[in-house]
Structures are given as structure tokens and as C-alpha cells.
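>>> Kindly return the folded structure for what I paste below:
(one chain, ligands or ions: 1)
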Amino acid sequence: MVKEAKKLNEQIDELKKNDPFADPDHAIDNAAVDTDVREQVGHETIEAEIKDLRRKLTDVNIALEKMRKGKYGYCERCGLLIPLTRLKILPEARYDVECERILRK
Ligand SMILES: [Zn+2]
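Numbering: from 1, shown residues only. Predicted structure coming up:
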């Protein structure tokens, strides 16, 4: 799980590097309009991906915190154990499938 958090941080850093807006030349280039549009789209895609990764990282950190407290694997909503099959797919899961579905409504 700690490894997972580290990996997510690295992915976020990597994405930031790929963001065309992070390019130091961006501000001074006089690129054609289509390049600007492409950069805009690229920027927004990366922003969205970073947002996704950040959300995941938050969940991983919460999972780590729960491990420290000995509460890992328990649903935060109903308090029941999250099935191992689910944790194997989604180690940072905070809720069991039922509660996740209710909360997402
Ligand atoms: Zn639950």
C-alpha cells in the first residue's frame, strides 16, 4: 500500500511534466492557433488524469491510515468487512460494493 502511494505520486509528477502548460516555453511561444488548441486539450486531459490520481491517492492514504488503526478492510459506512475479492481488485476501497453504490447515487 505504501508502494502504491509512492507510485501514484510518481505518476502525478510524471503527468505534470507532460502538461503542455508546464512547458517553460509555452508562455513565450507564438504557436499557431491549432497548436494552442491541442495544448489546451492536452492540458485538460492531464488535469483530469491528475485529479483522478489524486482522488486515488487520497483513498490509498486513508487506507494506510486505517491500517495503522487496525481498521483496514472495514466498510466506512456500515462497518462490515469488505470482501477480500473486492480488496484484491481495489486495495484502497473504502466501502463495500453495496455502500459504494448507495453513496454514489
Ligand atoms: Zn458497507
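
>>> show me where this structure has helices.
2-18, 33-68, 84-89, 97-104 (DSSP state H).

>>> Compare these and give me the one nearest the ion.
Minimum separation from the ion across the helices of the chain (C-beta to the ion) falls at helix 97-104, 3.2 Å. In this view, the C-beta of every residue, glycine as well, is placed from N, C-alpha and C.

>>> Need the contact partners of that closest one.
Residues outside helix 97-104 that contact it (C-beta atoms under 8 Å, 6 or more residues apart in numbering) are 75-78, 83, 86, 93-95.

>>> Figure out how far that helix is from the centre of its chain.
19 Å (C-alpha atoms, centre = their mean, to the nearest Å).

>>> Give the buried residues for that helix.
99-100 (16 or more other C-beta atoms under 10 Å).

>>> Make 627 the first number, not 1, from now on.
New numbering, starting at 627: the last item is helix 723-730.

>>> Just the CA atoms of it, as PDB, please.
Extracted in PDB, the C-alpha atoms of helix 723-730 (Å, rounded to 0.1, in the frame of the first residue of the first chain):
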ATOM      1  CA  VAL A 723     -19.900  -2.700  -3.100                       C
ATOM      2  CA  GLU A 724     -23.400  -2.100  -1.600                       C
ATOM      3  CA  CYS A 725     -22.400   1.000   0.200                       C
ATOM      4  CA  GLU A 726     -20.400   2.300  -2.600                       C
ATOM      5  CA  ARG A 727     -23.500   2.100  -4.800                       C
ATOM      6  CA  ILE A 728     -25.600   3.800  -2.300                       C
ATOM      7  CA  LEU A 729     -23.100   6.600  -1.800                       C
ATOM      8  CA  ARG A 730     -22.600   7.200  -5.500                       C
END
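
>>> Nothing else from me, thank you.
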